[in-house]
Structures are given as C-alpha cells and as structure tokens.
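>>> The sequence isn't on hand, but the structure is:
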C-alpha cells in the first residue's frame, strides 16, 4: 500500500509539471489554454519542433505523460503505432547525428578487459527503515554481505564507500535512524566510507523537520551536504529541503550554490574525470523515474558531461533500461529495498567500479537472489558524442513475441478472472508488462488493464498468472506483451 504522503507528493509533482508546461506553452505560442485542447495543442507543439523551434525541456516530460495517457486508452492498434515511432526516432537520430546502440551490445563481453579497478562504491536508496518494515533490515544485511563477498573474490578487494541517497527511514523517527545506525555499525566494515542524504521521508512526515535534522546529526555525525575526494575522484551529495513546501524534494539557493561551486572545483582539479553526484529526487526528463523529480539542479549539472548523477525516490528497477540516460550528462536510478516497482518481493541496488582509464562500470544487484544483472559500461563520459544510453535506444529495441500456439488458461470465480499463459520472449532487454484487453461479441475492446511482468527479478518465471475483474458482456480476451519503449507484440487471445 502506498503511503499517503507519497500519494500527496506525486499528485503535487504532477500538478506542478502540468502547470509549468501550460505556462511555458502560453509564453512561447501566445495562446491561452482555458481547457485541455488535446490534439490541436499537440499539433502545434510538433509543428514547432519540426520547424526547429527550441522547445523547453519541461515539455518532454509532459508530452511523454500525454502520450502515455493516450496509449492507456487504446487497444490493438498500439502495435502499429510503435513502427511509426521507430521511423520517427530514426529521423531524429539522423538529424542530430547521435550514435545509436542498444544496451545489450554494450554489456556483453568481458567487462574487466585489461583495466584494473581503481575505486569501488555502492549506491542504494529508499530503505524505509521502520518497525513496520523489519524485513528491510534483512535485505540491507544481505545486500552489504553480498557486496563484500563479491569484493573478496576480486583482485581489488576494497569497498571504498556506500552512498544511501535518501528515504532511508519511513517517517523520519529517531528510532528509525537508530535502527539503521545499528545495522551500519554491525555490517559495514572499517575502511568503507558511509554517506547518507536526507529526503522527503526524513523531513516531511514529522511535525518538526528540524528535529529530524538534529537527530541525523547526533546519530550519524555527518554533514547534510558533502563534497569528498576519493582517489582523485570527486563525490558530491546533497540532502533535500522543504524549500518549496510540504511534499516537495526541493533544493534551496544555498544548496544549488553548494553544488555549483563543488562542480567547478571538481572540474578544475579533476579535468575530464567522472564526477559523481548524489541526491534523492531524479532530474526531470532524464531517467524514467525522473518524472517524480524536478529540474532544480539541472542548470548546475548541464555544463558538465562528465557528471554521473545517482538518484532514487521513484522505486524504479535498475534493470529498467530507462533508468540510465545520457543527454547533457549521465543520470542513473538506484532502485530501492522496498516496494520496487510496487512489488514487495523485489529489491535492488548498484555497485559501481572505476577503472584506471576512468571507465565506469555499473552493476545492478538483485538483492533477493544475490545476482548481478549485466554490466553497464560508460567510457569517456566527458564526451557527449560518445554517449550511448540515449533515448534513441528505442530504435534498436525489438518487439516481444509469444511462442507459436501459445494458449491462455482461464479460471472464473464470480466477477473475477485468472489468466495463465507462458511468458512472452524478447530478443533485447526484457518484457516490461502485459496489456489485457477484454472484448465483446463485436470484438470491440470494452475494458483493459496492465499487469507488470517480473522483470525486476534476476530469475524470471516461465509462466505468467494475472488476475482481475471480469467485465460484464466480455466474451473474449486479448493479451499483448509490452517492452520498455512502447514496443508491442502480436496478441494472443481466447474466448471466455
């Protein structure tokens, strides 16, 4: 169940994004939007883009949201739209001369090559320590032990740091902080530097957020914002504030100035070396989970392509390809130990290694199985022309598919229906979700819902079971498998 505060936070984020977008559009187009104008509005936007007009970044997130809303209200024709989107993406890629490569081609092969590891650190977020979530303590223990076990088997055995980027408590209680401190003292070894940042679950659920800040200082004895240099690499971390009011993970002017100065110093001292930045909310219009973040740090980060920015907050899985994005800089999502993609049975985090040639290797860890997903390799991050993890990866994604003669088994109990069928397959990445469409006697879709796949798990099931409400007048069901980029399979179907 989603906490009320999280619901309020995300509703507030959505309202603000729509408001900002509408105001920006009115400013650029000189048109006033007194109601939602739908297609004419999108037509104007696309026409402006086609003519080379500089569209503000805020619109990308808004357009994606509108496209998602539209997609959620159509049925079988969506698979045809995917082909059109691929053609459109190809044109954009050619115009911008952007290198296009899917993630699978980058991660296959020997990640170590001839490089030796120079630095290693772990990143996690959204632990939500509390008396109600005691199983998270076991996950934290398992995660730390898995990381150290991996390190012991490597030539470079050190774990130099662990970064926890916010929401490490559930409601900011002193007892929750003490619980985490106890586990950190128990499982984190000497020589590993621990850095935590404060976020909405530390500051927004208590009557007096300044008390939470005092408790943090007392218990963990660390600054809210830090700029640390480890082995010649700069690490910059920021806690959020309530500068923009309750339920906003915001950054006031002093924090933005802190980041600006730290980045300048990092480039002055480190040149083209990667700069690692950590904060709880993602940057909007970057990674998928950035939709729940904001743009408050974007201006400071934009001039630095060598930045690798780590964020949490969304609880999105690290093996969702949308959780790494390269545009002006590199953005990476960090998963979570609780309610990952709204699943109670999943937990993920990251392990990051820096090689002697400044190549960065990111390993996503499935905490439950103790297994790593495929490596993400980032080379020459200071050079935007070398960025591979752009949104143009949609061009390389293939459609999911069901094996020939796949059958759906149905079980009906009252107004509920359970559907069981073999999992779809895909040649790149994983299947993201399944769209279930119920049809009437005229083969018209009368109801539909989405069901997430088990993609966040390292070990996936060969069989999918989906339960939902059986609509009145439904005589058949069609199921589509969806990828992460809107890539859609042919349907499998059965009569009810």
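Happy to help now that I have it. The model shown is predicted, which means the values in this text are computed figures rather than measured ones.

>>> For residue 421, give the beta-bridge partners.
Taking DSSP bridges as the rule, residue 421 bridges to residue 464.

>>> That one reaches residue 479, doesn't it?
Yes. Residue 421 lies in contact with residue 479 (Cβ atoms under 8 Å); the separation is 6.8 Å. C-beta coordinates here come from the backbone N, C-alpha and C atoms, glycine included.

>>> Overlap of the contact sets of these two?
The contact sets of residue 421 and residue 479 overlap at 408, 492 (Cβ atoms under 8 Å, 6 or more residues apart in numbering).

>>> Report the residue spans of the stretch 201-350 of the chain with pLDDT below the cut-off.
Within the stretch 201-350 of the chain, the stretches with pLDDT under 70 are 243-248.

>>> Which parts of stretch 230-242 count as buried, going by neighbours?
Across stretch 230-242, burial judged by 16 or more other Cβ atoms under 10 Å covers 233, 234, 235, 236, 237, 238, 239, 240, 241.

>>> contacting residues for the first one?
Yep, that's residue 233 we're talking about. If you count contacts by Cβ under 8 Å, 6+ apart, then residue 233 has 119, 270, 273, 274, 275, 276, 354 around it.

>>> Which of those fall within strands?
Counting by DSSP state E, the contacts of residue 233 place 119, 275, 276, 354 in strands.

>>> now those as TSV including distance to residue 179 and neighbour count?
Output for the ones in strands among the contacts of residue 233, formatted as TSV (distance: Cβ to Cβ, whole Å; neighbours: other Cβ atoms under 10 Å):
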residue	distance to residue 179	neighbour count
119	30	22
275	33	25
276	27	27
354	32	25
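
>>> quick one: which of those residues is nearest to residue 332?
Closest approach to residue 332 among these (Cβ to Cβ): residue 276, at 9.8 Å.

>>> is it true that the closest one touches residue 304?
No. Taking contacts as Cβ under 8 Å, residue 276 lies outside contact range of residue 304: 11.3 Å.

>>> Contacts only, for residue 364.
If you count contacts by Cβ under 8 Å, 6+ apart, residue 364 has them with 318, 319, 335, 348, 349, 350, 372, 373, 376.

>>> try it again with 6 Å
318, 319, 350, 373 (Cβ atoms under 6 Å, 6 or more residues apart in numbering).

>>> can you give me the end-to-end distance of stretch 341-353?
Taking Cα to Cα, to the nearest Å, the first and last residues of stretch 341-353 lie 26 Å apart.

>>> And the next helix or strand past the helix or strand hosting residue 362?
Assigned by DSSP states H and E, residue 362 falls within strand 360-366. Next in sequence after strand 360-366, counting helices and strands by DSSP H and E, comes strand 371-372.

>>> what separates that following strand from the chain centre, distance-wise?
In terms of Cα atoms, centre = their mean, to the nearest Å, the centre of strand 371-372 is found 18 Å from the chain centre.

>>> and it, what's its mean pLDDT?
For strand 371-372, the mean per-residue pLDDT is 98.

>>> Same question for stretch 179-193.
Stretch 179-193 carries an average pLDDT of 98.

>>> 2 is where my numbering starts, stick with that
Okay, residue one is now 2; in that scheme the one you just asked about reads as stretch 180-194.

>>> all helices of the stretch 52-201 of the chain, in order?
Counting by DSSP state H, counting those that start in this stretch, the segments of the stretch 52-201 of the chain that form helices are 59-72, 79-97, 104-108, 136-153, 175-188, 201-204.

>>> which residues of the stretch 202-351 of the chain fall in strands?
In the stretch 202-351 of the chain, the strands defined using DSSP state E, counting those that start in this stretch lie at 227-231, 234-238, 276-279, 308-312, 325-327, 331-334, 349-356.

>>> Those strands: which one's closest to residue 163?
Here strand 349-356 is closest among those (Cβ to Cβ), at 9.4 Å.

>>> For the closest one, what is the distance to the chain centroid?
On the basis of Cα atoms, centre = their mean, strand 349-356 sits 16 Å off its chain's mean C-alpha point.

>>> contact partners of that strand?
116, 118-125, 144, 148, 318-319, 335-336, 341, 361-367.

>>> What of stretch 423-437?
Outside of stretch 423-437, the residues within contact range by Cβ under 6 Å, 6+ apart are 103, 105, 322, 398-399, 401-403, 407, 450-454, 456, 463, 465, 480-485, 490.

>>> Would you mind measuring from residue 251 to residue 295?
Note on residue 251: its distance to residue 295, by Cβ to Cβ, to the nearest Å, is 7 Å.

>>> of those two, who's got more company?
More neighbours surround residue 295 than the other of residue 251 and residue 295, with 21 against 16 (other Cβ atoms under 10 Å).

>>> mind listing what the more buried one touches?
The neighbours of residue 295, taking Cβ under 6 Å, 6+ apart as the test, are 282, 285.

>>> residues of stretch 221-229 that come out buried?
By neighbour count on 16+ other Cβ under 10 Å, the buried set for stretch 221-229 is 221, 225, 226, 227, 228.

>>> Would you mind measuring the gap between the ends of that stretch?
17 Å.

>>> now the strands for the stretch 352-497 of the chain?
Under DSSP E, counting those that start in this stretch, the stretch 352-497 of the chain gives strands at 361-367, 372-373, 377-379, 410-414, 417-423, 434-440, 446-453, 464-470, 477-483, 493-496.

>>> a markdown table for those, including distance to residue 156?
Formatted as a markdown table, these follow (distance: least, Cβ to Cβ, whole Å):
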| stretch | distance to residue 156 |
| --- | --- |
| strand 361-367 | 14 |
| strand 372-373 | 17 |
| strand 377-379 | 18 |
| strand 410-414 | 51 |
| strand 417-423 | 42 |
| strand 434-440 | 40 |
| strand 446-453 | 39 |
| strand 464-470 | 41 |
| strand 477-483 | 41 |
| strand 493-496 | 49 |
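
>>> quick one, which of these is nearest to residue 157?
Closest among those, using Cβ to Cβ: strand 361-367, at 11.8 Å.

>>> Just the angle for the closest one relative to strand 308-312, thanks.
Using axes from the mean of the first three to the mean of the last three Cα atoms, to 10 degrees, one finds that strand 361-367 and strand 308-312 are set 10 degrees apart in direction.

>>> Relative to the whole chain's centre, how far out is strand 361-367?
14 Å.

>>> Quick check: mean pLDDT of it?
98.

>>> partners of it, with directions?
Sheet pairing for strand 361-367, assigned by DSSP bridges, gives strand 349-356 (antiparallel), strand 372-373 (antiparallel), strand 377-379 (antiparallel).
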